[in-house]
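A.B. asks: give me the fold of what follows.
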Amino acid sequence: HILLRPDTYVGSTEAQSQELWVFDSVQSRMVHRKISYVPALYKIFDEILVNAADNLKRDPKGMDTIEVQINKAEGYISVYNNGKGIPVQVHKEHHCYVPELIFGHLLTSDNYDDSEKKVTGGRNGFGAKLTNIFSTRFVVETAGKGKLYRQQWNSNMSRKTKPEIKKHSGEDFTSVEFW
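C.D. replies: Below you'll find the model as predicted:
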């Protein structure tokens with residue numbers, strides 16, 4: 001259903017032109033310029049970037065880096081943060097690993113409490129899963145508390161690998177790559 005109606009979930013898949021503030025790397029400053037972009041691609045990138053930024057609220061003392069790589073040659077985007085890793089444990093209610101729940105199961109947000117002050121980005125249970133659904137390949141890696149978790153989805157989230165879990169002695173991080 002989501003793939004058939006992208007406008008409803010991520011916006012138009014058609015290129016649009018609009019005047020926006022953008023960073024000009026030659027001038028090293030923000031400039032107002034007409035750009036062309038695809039709203040759906042912008043949205044799925046934004047979902048992953050917001051997840052990385054939200055981790056700063058959860059780990060204000062430990063996280064100090066968000067890295068974005070856009071690999072045009074291979075056609076993927078990577079977003080990395082060095083904040084607390086996602087818990088590598090089986091969720092009691094949903095009976096799957098927490099990273100799989102976050103990135104691969106729809107309508108599974110923990111951000112629905114309207115009595116709490118909203119300081120993070122998502123709340124509808126779609127979030128990063130939309131990026132997964134609109135990607136031909138989607139890979140998540142996260143490390144924390146001595147464990148490294150890696151899982152891959154393919155073909156618009158219709159196929160997934162079993163999670164790979166290994167011992168990890170390095171620092172916590174989360175990385176998402178999507179094609």
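A.B. asks: low-confidence ranges in this protein?
C.D. replies: 107-125 (pLDDT under 70).
A.B. asks: any idea how far the helix ranked longest in it is from the middle of the chain?
C.D. replies: Residue-count comparison of every helix in the chain, with assignments taken from DSSP state H, identifies helix 39-58 as the longest. From the chain centre to the centre of helix 39-58 is a distance of 5 Å (CA atoms, centre = their mean, to the nearest Å).
A.B. asks: try stretch 57-72
C.D. replies: Using CA atoms, centre = their mean, we find the averaged C-alpha position of stretch 57-72 to lie 11 Å away from the chain's own average C-alpha position.
A.B. asks: endpoint to endpoint, it covers what distance?
C.D. replies: One end of stretch 57-72 to the other measures 31 Å (CA to CA, to the nearest Å).
A.B. asks: kindly report the same for stretch 128-137.
C.D. replies: Start to finish, the residues bounding stretch 128-137 are 13 Å apart (CA to CA).
A.B. asks: quick revisit: next, the buried residues of the longest helix of the chain.
C.D. replies: For helix 39-58, the buried set under the neighbour-count rule, 16 or more other CB atoms under 10 Å, comprises 39-41, 43-45, 47-56. All C-beta spots, glycine's among them, are computed from the backbone N, C-alpha and C.
A.B. asks: likewise stretch 9-26?
C.D. replies: By neighbour count, and taking 16+ other CB under 10 Å as the criterion, the buried residues in stretch 9-26 are Tyr9, Val10, Gly11.
A.B. asks: picking that back up, what does the longest helix of the chain contact?
C.D. replies: Contacts to helix 39-58, defined as CB atoms under 8 Å, 6 or more residues apart in numbering, come from residues 6, 10-13, 16, 63, 66, 68, 77, 79-81, 83-84, 119-122, 127-128, 130-131, 134-135, 174, 176, 178.
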